[in-house]
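Novice: Requesting a structural model of the entry that follows:
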Amino acid sequence: MSFLKEFREFAVKGNVIDLAVGVIIGAAFGKIVDSLVSDIIMPLVGLIFGKLDFSNLYIVLGPRPAGVADTLVELKKAGAPVLAYGSFITVAVNFVILAFIIFLMVKQINRLRNTAEAPPPAPTPEDVMLLREIRDSLKRP
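Specialist: Predicted coordinates for the structure are as follows:
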């Protein structure tokens, strides 16, 4: 079998296509969660903690360049070594929210899968049925 034919069979398999669709949807879902964190959650957290903007939390690790505005964006443009821990906090919150949502989705899928795949109960053996009939007939007055 030629290399190209093997590759074509691999690429056309349903699992590879499902994986590609999952990656594309995951990337789009990641953008939604990123927007949720940066546009909704972090401003609310900043409001609770005194109008704190996490995106501008940083520590300059070296000398500040002269004539550069005291913002993270301007310091990075100037090439100053900056420890941007506010951005890390935002990304960490983003990850926790995304992981929690994925956990809820997997939990729901597993719950649906377990109810859908549950095999029907095995029929009661004939000897057990006969014993139950005898037991029930003995209980009657």
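Novice: Flag every buried residue along stretch 49-67.
Specialist: Phe54, Ser55, Leu57, Tyr58 (16 or more other C-beta atoms under 10 Å). Every residue, glycine included, has its C-beta placed from N, CA and C.
Novice: Actually, stretch 83-94.
Specialist: Buried residues in stretch 83-94 (16+ other C-beta under 10 Å): Ala84, Gly86, Ser87, Thr90, Val93, Asn94.
Novice: Keep only those of those residues that are in strands.
Specialist: Among those, no residue falls in strands (DSSP state E).
Novice: Save these as a markdown table, and put in pLDDT and distance to Ser2 too.
Specialist: Output for the buried residues of stretch 83-94, formatted as a markdown table (pLDDT from 0 to 100; distance: C-beta to C-beta, whole Å):
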| residue | pLDDT | distance to Ser2 |
| --- | --- | --- |
| Ala84 | 88 | 50 |
| Gly86 | 86 | 54 |
| Ser87 | 84 | 49 |
| Thr90 | 78 | 49 |
| Val93 | 79 | 50 |
| Asn94 | 76 | 45 |
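Novice: and which of the residues you listed is nearest to Ile17?
Specialist: Asn94 (28.4 Å; C-beta to C-beta).
Novice: Relative to Met105, how far out is the residue nearest to that closest one when sequence neighbours are not counted?
Specialist: Nearest residue to Asn94, sequence neighbours excluded (C-beta to C-beta, 6 or more residues apart in numbering): Val37, at 4.3 Å. Using C-beta to C-beta, to the nearest Å, we find Val37 at a distance of 18 Å from Met105.
Novice: ok, back up a step: let me have the buried residues of stretch 49-67 in TSV, adding secondary structure, pLDDT and distance to Glu133 as columns.
Specialist: What follows is the buried residues of stretch 49-67, written out as TSV (DSSP: H, G, I helix; E, B strand; the rest coil; pLDDT from 0 to 100; distance: C-beta to C-beta, whole Å):
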residue	secondary structure	pLDDT	distance to Glu133
Phe54	helix	73	72
Ser55	helix	73	76
Leu57	coil	84	77
Tyr58	coil	87	80
